[in-house]
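Colleague: Whatever this is, show me its structure:
(2 chains)
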There are 2 protein chains.
Amino acid sequence: MDWNKILLFSILVMVHVPIVSIGQEKLAMQWENVPEEIVQGRLEPQGTASFQRFPQELQKEVREPVWQLSRNSAGLYIDFESDASDIIVEYDVEDQFSFPHMPATGVSGLDLYAMDENSGWQWVRGIYSFKDTISYRYNGIKPAIKGSLRTFRLYLPLYNTVRSLRIGVAENSIFKPIKTKEQNPIVVYGTSIVQGACASRPGLAWTSILGRYIDKPVVNLGFSGNGKLEPEVIDFILRASPSIIVLDCMPNFRDSQKAEESIIKSIERIRAANDTVPILLIEHAGYSDGFVQNERLEIYENLNKATQRAFTYLKSQGINFLHLVKKEDINLGKESFVDGTHPNDHGMVGYAMAISKALTEKEILD
Amino acid sequence: MDWNKILLFSILVMVHVPIVSIGQEKLAMQWENVPEEIVQGRLEPQGTASFQRFPQELQKEVREPVWQLSRNSAGLYIDFESDASDIIVEYDVEDQFSFPHMPATGVSGLDLYAMDENSGWQWVRGIYSFKDTISYRYNGIKPAIKGSLRTFRLYLPLYNTVRSLRIGVAENSIFKPIKTKEQNPIVVYGTSIVQGACASRPGLAWTSILGRYIDKPVVNLGFSGNGKLEPEVIDFILRASPSIIVLDCMPNFRDSQKAEESIIKSIERIRAANDTVPILLIEHAGYSDGFVQNERLEIYENLNKATQRAFTYLKSQGINFLHLVKKEDINLGKESFVDGTHPNDHGMVGYAMAISKALTEKEILD
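Modeller: This is a model prediction of the structure:
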């Protein structure tokens, strides 16, 4: 498709061995091609622009705000192997760098992790610069074992649209992109919270934490203000043969009657297409202001009663492999939110632990 | 003093009953005087500008960067009683609203908590607007018991200098500032981490969390990049008769020999003036990149060995009431930092819990 070629041109420019200054030193770098198909966290890489979440053809199916948010790179990541001690990533984005309640490192930043054989994913520190072209410089990385390759995971921005991106490694280093594993993903459909507000960096969105905890591919379909259990999104999820579907849309509902109907319709729609895919239905995790400001307390309490009614009804209709995660299971506290609505990093860790625990205890993970 | 009068003039302007628009409604507000002496978290309110941490006379004693940072309102708060359902705070600041790794709500924002008799401090949600004059609007607050007053705590910005501030309550509401309790404070002398980097809001700096956990006044003497165990700061702390002195300066040292000497000199200086004030010496809590990037691992490991040597030496010299909090006690993890150096909210909660536990277990709290 034409749009794909145009993107390819802007994304994958290779520049060989320029000299980059790191502190006082000059370092010779080679810039690496990022093959389009290795960007992970997308249900259909074919036909989807490299750093976006929906294939182009979905633009005519979904509401405009959902489409625009699907262009944010939330939950997308690149896995690669390298023996480089120095890695630089440079990229351009479309939108504002930060929000008042979410820093640039979360809205528009990157996050690099390195796999250690004994201790799992370890975080790698990058020196960032937010300018017209954003850069992250990762220096002094020790190899896994002398001379061997280390596996890296690079998370892309949560709330920005990436126009182009290139990865540079120290000259004469090896850079080997790792292709998407042939594994049916866990798909999480949700709101701004799922999209990652307000993690301080992309690796701390709860879906990203969960993916590392359980070592499975997790696809982030969070749409800020627009996680509304819409049939066209459900249909898109279904055609990807997900291993588990997680529905976490309650914070984008206000009317509990409508919420109940939407849950029932969505789950019936899933079951009409797929008899056995496990469904995890998540209650509203609450607001931290509920205690003093009652108005919002009532909203989420009513939504959770609606969720429980829908769950009970669906169970009574013989729907199997359907599981409920309750507000008390997520158990966010007074220190878990930044603005009362959106979890901070403390809340994100709590969220990921709760969902991981639910998947394990309910024996949903294969 | 002249400078004091000038500040008084700019800070405490009263404007009566203007009309403020909240959403679609117009709300009549009365703007309340904030008496200078009720700003808490300062060791010597007398002679200290309302929203700063050091008295004016200290400017000639301390290094210029320490003085400038002391003008940031980190750890300062205002306690008041009110029956207002709507509270507005408007204020002006001197510096940039946000950092790339810390949002405006943390660098320059406010945080309001309300006391509930049964459940302790509860968070209150404010709608913020970051413009030339920053405003936070807290609406729909229910009273403690019908008609009675509720106690509030308003935390001021962590990394900005407040020029002027006014508090508005709904017309005909009661607003009663609460004066500083006559209680010797716990004083924490530290680095950017103590100052609050990178909490997403002021109430989540670990010293603020600690103050709520243990219900004692905690004074924040964190100075970003400048927590260097300097004698003039130690002397200032000593003249306030603190109940406990917490030294958490290791992240601003690199040379472990110098760190060891500075710890010994500082604690000897404290003991020369005060035989019995408990001292809590805190190790470097580590960097989350230490595993993959060895350079910084060595720095904090060496600093912690130096801390342990200093601690052992001081104990051998008969110094009593001296306690060590080890890195393992703070126990920050891979998800506890934003940039490898500064705890995020998850790290801040962990920090506060560790210090609270240490104070309790070591029976230091009176």
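Colleague: For the residue lying closest to residue A:167 once chain neighbours are set aside, which residues are in contact?
Modeller: Closest residue to residue A:167 apart from its sequence neighbours, by C-beta to C-beta, 6 or more residues apart in numbering or on different chains: residue A:32 at 4.8 Å. To be clear about C-beta, it is placed using only N, CA and C from the backbone, and glycine gets the same treatment. Taking C-beta atoms under 8 Å, 6 or more residues apart in numbering or on different chains, we find residue A:32 in contact with A:14, A:166-169, A:175, A:177.
Colleague: The stretch 151-300 of chain A: helices as residue ranges?
Modeller: A:192-195, A:206-214, A:231-238, A:256-273, A:294-316 (DSSP state H, counting those that start in this stretch).
Colleague: just the ones you listed: most buried one?
Modeller: Each of the helices of the stretch 151-300 of chain A was scored by mean neighbour count; the highest is helix A:192-195, a mean of 26, by mean count of other C-beta atoms under 10 Å in any protein chain shown.
Colleague: what's the neighbour count on the residue nearest to residue A:92 when sequence neighbours are not counted?
Modeller: Nearest non-adjacent residue to residue A:92, counting by C-beta to C-beta, 6+ apart: residue A:163, 4.3 Å away. When neighbours are counted by other C-beta atoms under 10 Å in any protein chain shown, residue A:163 registers 15.
Colleague: Confirm for me that residue A:163 is in contact with residue A:108.
Modeller: No: in this structure, residue A:163 is not within contact of residue A:108 by C-beta atoms under 8 Å, at 11.7 Å.
Colleague: Show me the common contact partners of the two, please.
Modeller: The contact lists of residue A:163 and residue A:108 share residue A:93, where a contact means C-beta under 8 Å, 6+ apart.
Colleague: just to revisit the earlier point, quick check: the residue nearest to residue A:167 vs chain B, distance?
Modeller: 20 Å (C-beta to the nearest C-beta, to the nearest Å).
Colleague: And for residue A:129?
Modeller: Counting by C-beta to the nearest C-beta - residue A:129 and chain B are separated by 9 Å.
Colleague: again, but for residue A:179
Modeller: 24 Å.
Colleague: quick one, what contacts that residue?
Modeller: Going by C-beta under 8 Å, 6+ apart, residue A:179 touches A:37-38.
Colleague: Repeat the analysis, applying 6 Å as the threshold.
Modeller: residue A:38 (C-beta atoms under 6 Å, 6 or more residues apart in numbering or on different chains).
Colleague: Let me know the pLDDT of it.
Modeller: Looking at residue A:179, its pLDDT reads 78.
Colleague: cool, residue A:353 as well?
Modeller: In this model, residue A:353 is scored at 98, pLDDT.
Colleague: quick one, phi psi at it?
Modeller: Main-chain torsions, residue A:353, degrees, to the nearest 10: phi -60, psi -40.
Colleague: Report pLDDT for the residue lying closest to it once chain neighbours are set aside.
Modeller: Nearest residue to residue A:353 in three dimensions, chain neighbours excluded: residue A:213, at 7.7 Å (C-beta to C-beta, 6+ apart). Per-residue pLDDT puts residue A:213 at 95.
Colleague: Surely residue A:213 and residue A:357 touch.
Modeller: No: the criterion here is C-beta atoms under 6 Å, and residue A:213 misses it with residue A:357 at 9.6 Å.
Colleague: So what would you say the end-to-end distance of stretch A:275-284 is?
Modeller: Length of stretch A:275-284, first residue to last, C-alpha to C-alpha, to the nearest Å: 26 Å.
Colleague: go on, stretch A:243-252?
Modeller: 25 Å.
Colleague: and if you look at stretch A:275-283?
Modeller: Stretch A:275-283 stretches 23 Å from its first residue to its last (C-alpha to C-alpha).
Colleague: how much space between the nearest residue to residue A:276 once chain neighbours are set aside and residue A:245?
Modeller: Of all residues not flanking residue A:276 in the chain, residue A:321 sits nearest, at 5.8 Å (C-beta to C-beta, 6+ apart). Distance, residue A:321 to residue A:245, by C-beta to C-beta, to the nearest Å: 10 Å.
Colleague: higher neighbour count, these two?
Modeller: Set side by side, residue A:321 and residue A:245 show more neighbours around residue A:245, with 24 against 17, by other C-beta under 10 Å.
Colleague: residues in contact with the residue lying closest to residue A:157 once chain neighbours are set aside?
Modeller: Closest residue to residue A:157 apart from its sequence neighbours, by C-beta to C-beta, 6+ apart: residue A:108 at 4.8 Å. The contact partners of residue A:108, taken as C-beta under 6 Å, 6+ apart, are A:93, A:97, A:157, A:160.
Colleague: The last one is in contact with residue A:93, isn't it?
Modeller: Yes: in terms of C-beta under 6 Å, residue A:160 counts as a neighbour of residue A:93; the distance is 4.2 Å.
Colleague: so how many other residues sit close to the residue of the stretch 1-150 of chain A found nearest chain B?
Modeller: Proximity of the stretch 1-150 of chain A to chain B (C-beta to the nearest C-beta) peaks at residue A:125, 3.6 Å away. Using other C-beta under 10 Å, residue A:125 has 23 neighbouring residues.
Colleague: Mind checking what secondary structure the spatially most central residue of chain A has?
Modeller: Geometric centre of chain A, nearest residue: residue A:75, 2.1 Å, by C-alpha atoms, centre = their mean. For residue A:75, the assignment made with DSSP: H, G, I helix; E, B strand; the rest coil gives coil.
Colleague: now residue A:105
Modeller: Here residue A:105 is helix, with the state taken from three-state DSSP.
Colleague: dump the residue contacts of the closest residue to residue A:100 other than its chain neighbours.
Modeller: Leaving aside its chain neighbours, residue A:100 sits nearest to residue B:104 (4.3 Å; criterion: C-beta to C-beta, 6+ apart). By C-beta under 6 Å, 6+ apart, the contact set of residue B:104 is A:100, B:97-98, B:130.
Colleague: Would you check how far apart residue B:104 and residue B:136 are?
Modeller: Residue B:104 is 12 Å from residue B:136, by C-beta to C-beta.
Colleague: Find residues that contact each of those two.
Modeller: With C-beta under 6 Å, 6+ apart as the test, residue B:104 and residue B:136 reach no residue in common.
Colleague: isn't residue A:200 right up against residue A:345?
Modeller: Yes: contact criterion C-beta under 6 Å: residue A:200 and residue A:345 qualify, at 5.3 Å.
Colleague: ok, residue A:159 - contacts?
Modeller: A:72, A:107.
Colleague: 8 Å instead, please
Modeller: A:72, A:74, A:95, A:99, A:102, A:106-108, A:195-197, A:224.
Colleague: Narrow those to those that are buried.
Modeller: A:72, A:74, A:99, A:102, A:106-108, A:195-197, A:224 (16 or more other C-beta atoms under 10 Å in any protein chain shown).
Colleague: Make a markdown table out of these and add distance to residue B:58 and pLDDT.
Modeller: Putting these into a markdown table (distance: C-beta to C-beta, whole Å; pLDDT from 0 to 100) gives the following:
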| residue | distance to residue B:58 | pLDDT |
| --- | --- | --- |
| A:72 | 48 | 98 |
| A:74 | 47 | 98 |
| A:99 | 37 | 98 |
| A:102 | 36 | 98 |
| A:106 | 37 | 98 |
| A:107 | 38 | 98 |
| A:108 | 39 | 98 |
| A:195 | 46 | 98 |
| A:196 | 43 | 98 |
| A:197 | 41 | 98 |
| A:224 | 46 | 98 |
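Colleague: Just give me the closest of those residues to residue B:260.
Modeller: residue A:106 (37.7 Å; C-beta to C-beta).
Colleague: Now do the same contact list for that closest one.
Modeller: A:98, A:158-159, A:196, A:198-202, A:204.
Colleague: Could I get the phi/psi values of the residue nearest to residue A:167?
Modeller: phi -110, psi 140.
Colleague: Burial check on the residue in the stretch 151-300 of chain A positioned nearest to chain B, number of neighbours?
Modeller: Nearest residue of the stretch 151-300 of chain A to chain B: residue A:289, at 3.6 Å (C-beta to the nearest C-beta). By other C-beta under 10 Å, 26 other residues sit near residue A:289.
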